[in-house]
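Student: Next one to model:
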Amino acid sequence: MLVVTLCLLSLACPARGQGRAKVRPTAAPPASAQGPTIQLDPNAIRRQMASSYESLVDVNNQTTITRYIEAFKNAKTTEDQDQLVSELTDYCVERGLRPSPDVAEIFLALAYRASAHGNMEEFQRLSRYALSFDPGHPAVHLALAAAARSKGGLLSGEFYYEALTALFLSVQNIETRWAALANLGLWLRLTAFLLLGVLALMLVIKYQALLRHDIREWLGGGESQWVEAAGLIGLFLPSLLFLSGYWWIIYWAGLFLVYARWPQRAVILVAVALFVLSGAVNTFYQQRLYLTAAPPNASNLRCYAHRIGVGLDAGLVEHLGAQDPLRGTYTYILASRYLLHGSYMKAENLYQGLLKDSPDNAG
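Tutor: Just a heads-up that it's a prediction; the model follows:
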């Protein structure tokens with residue numbers, strides 16, 4: 001019996017050791033054996049959350065502004081509209097949305113709709129609403145100038161103030177600068193033309209008797225009306241070459257300068273210089289406006305302003321020979337320049353040549 005007990009104990013001891021070995025923790029497998037892992041970048045998550053928050057804020061702002069505009073349109077009284085505009089202005093200020101050119105243009109559209117129906121008081125009131133959202137918008141001040149002109153006429157001080165403010169803001173804005181300056185040049189030219197025309201007419205009225213007397217003396221006709229008529233026709237015929245209008249006025253003004261006194265001559269010469277200068281300014285600003293608004297292929301003038309560099313192209317063409325080791329590189333650069341400047345046919349021909357020479361690089 002004792003022998004049997006000792007045998008059983010000897011068999012149980014190894015089994016107990018094996019059981020303890022099974023519960024012993026094993027080392028973790030390498031990362032490569034666990035498959036792909038996800039690594040979280042705190043900066044990337046922060047940027048993504050900020051972008052999502054900004055998008056959500058933009059959507060909420062657009063929704064809120066749209067609701068205010070709809071409520072404004074459905075308001076029954078002027079007091080309700082004033083209250084809604086005040087609340088919307090406070091909302092834009094609190095969220096950093098002022099100036100709000102989009103909201104200002106919405107009220108401008110409503111203002112011009114009222115103007116089309118002949119309601120100028122509504123037009124002025126809606127324009128002032130637009131001013132509260134974007135005080136620096138040139139179109140808002142133009143609308144206020146139109147409202148002031150319809151209310152107080154051309155002698156209204158408010159009209160001139162709003163018009164000059166709109167001009168100043170338009171010149172400051174790069175998108176409207178050349179259009180505003182082109183309009184200013186046109187008005188300067190018309191003003192100089194009218195001034196020169198009035199001065200020339202004053203000279204004709206004042207010195208036409210002296211001119212007729214000198215014609216009779218020059219032609220030796222005495223008091224003959226036929227001689228006087230022939231002399232006037234002879235002086236008038238050269239002016240037919242200047243039927244463009246302003247040169248015709250300059251011709252007659254210059255003709256009567258012979259009889260004018262020196263102060264009058266100085267005024268006429270200053271008016272002529274102002275007219276010529278205003279014409280040059282008008283032409284220059286119209287050209288700048290055209291070059292900034294027209295597409296590159298609209299005319300030769302536009303293409304000349306954005307022409308491709310001929311000297312640089314000539315330097316690239318020198319390296320297109322078959323013996324040049326960098327022929328492909330220079331061909332690609334030249335084709336890209338042609339493509340950039342709108343010479344599509346030349347660029348296509350060069351690209352096709354590259355594909356024929358090295359079809360493996362087509363991708």
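
Student: Could you use CA atoms for every contact and neighbour count after this?
Tutor: Noted.

Student: Contacts only, for A271.
Tutor: The contact partners of A271, by Cα atoms under 8 Å, 6 or more residues apart in numbering, come to 192, 195-196.

Student: Mind doing that once more with 10 Å?
Tutor: Counting by Cα atoms under 10 Å, 6 or more residues apart in numbering, A271 makes contact with 192-197, 199, 250, 265, 277.

Student: Give me the subset of these that lies in helices.
Tutor: Using DSSP state H, 192-197, 199, 250, 265, 277 are the members of these that sit in helices.

Student: Just the buried ones among those, please.
Tutor: 192-193, 195-197, 199, 250, 265, 277 (16 or more other Cα atoms under 10 Å).

Student: circling back: quick one: which of the ones in helices among the contacts of A271 has the lowest pLDDT value?
Tutor: When those are compared by pLDDT, I250 scores lowest at 74.

Student: Leaving out the residues flanking it, which one is nearest to that residue?
Tutor: The spatially closest residue to I250, leaving aside those adjacent along the chain, is V272, at 7.2 Å (Cα to Cα, 6 or more residues apart in numbering).

Student: From A266, how far out is that neighbour?
Tutor: 10 Å (Cα to Cα, to the nearest Å).

Student: one step back: is it possible to get TSV of the contacts of A271 that adds distance to I205?
Tutor: Formatted as TSV, the contacts of A271 follow (distance: Cα to Cα, whole Å):
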residue	distance to I205
A192	20
F193	18
L194	17
L195	16
L196	14
G197	12
L199	10
I250	16
R265	16
L277	27
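
Student: What is the nearest of these to G118?
Tutor: L194 (32.4 Å; Cα to Cα).

Student: can you tell me how far the closest one sits from L274?
Tutor: Distance of L194 to L274, given as Cα to Cα: 11 Å.

Student: Show me whatever sits in contact with both of the two.
Tutor: L188.

Student: what bits of the stretch 201-350 of the chain have low per-residue confidence?
Tutor: The stretch 201-350 of the chain contains residues with pLDDT under 70 at 217-224, 227-228, 231-246, 293-327, 340-343.

Student: And the stretch 1-150 of the chain, by the same measure?
Tutor: Across the stretch 1-150 of the chain, residues meeting the criterion (pLDDT under 70) sit at 1-59.

Student: okay, now the domains of this structure?
Tutor: Domains of the chain are assigned by automatic domain parsing as 56-174, 181-293, 310-361.

Student: Okay, and the residue nearest to Y351 when sequence neighbours are not counted sits in which element?
Tutor: Closest residue in space to Y351, ignoring its immediate chain neighbours: A335 at 6.6 Å, by Cα to Cα, 6+ apart. Taking DSSP states H and E as the definition, one finds A335 inside helix 327-340.

Student: Give the other helices and strands that that helix contacts.
Tutor: With contacts taken as 3 or more Cα pairs under 10 Å, 6 or more residues apart in numbering; DSSP states H and E, helix 327-340 sits against helix 310-317, helix 344-357.

Student: ok, now with 6 Å
Tutor: Helix 327-340 sits against helix 344-357, with contacts defined as 3 or more Cα pairs under 6 Å, 6 or more residues apart in numbering; DSSP states H and E.

Student: how about the helix it packs on: buried residues?
Tutor: Buried, per 16+ other Cα under 10 Å, within helix 344-357: 347, 350-351, 354.

Student: what angle separates it from helix 327-340?
Tutor: For helix 344-357 against helix 327-340, the angle by axes from the mean of the first three to the mean of the last three Cα atoms, to 10 degrees is 150 degrees.

Student: which outside residues touch helix 344-357?
Tutor: Helix 344-357 is contacted from outside by 335, 338-339, using Cα atoms under 6 Å, 6 or more residues apart in numbering.

Student: Any chance of those in JSON lines with distance to A111 and neighbour count as columns?
Tutor: Below are the contacts of helix 344-357 laid out as JSON lines (distance: Cα to Cα, whole Å; neighbours: other Cα atoms under 10 Å):
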{"residue": "A335", "distance to A111": "52", "neighbour count": "21"}
{"residue": "Y338", "distance to A111": "48", "neighbour count": "19"}
{"residue": "L339", "distance to A111": "46", "neighbour count": "15"}
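
Student: mind putting those in a markdown table, distance to C92 included?
Tutor: A markdown table is the format used below for the contacts of helix 344-357 (distance: Cα to Cα, whole Å):
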| residue | distance to C92 |
| --- | --- |
| A335 | 50 |
| Y338 | 48 |
| L339 | 45 |
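
Student: wait, isn't A192 in contact with A273?
Tutor: No: because the distance of 9.2 Å does not satisfy Cα atoms under 6 Å, A192 is recorded as not touching A273.

Student: now do the same end-to-end measure for stretch 128-147.
Tutor: 10 Å.
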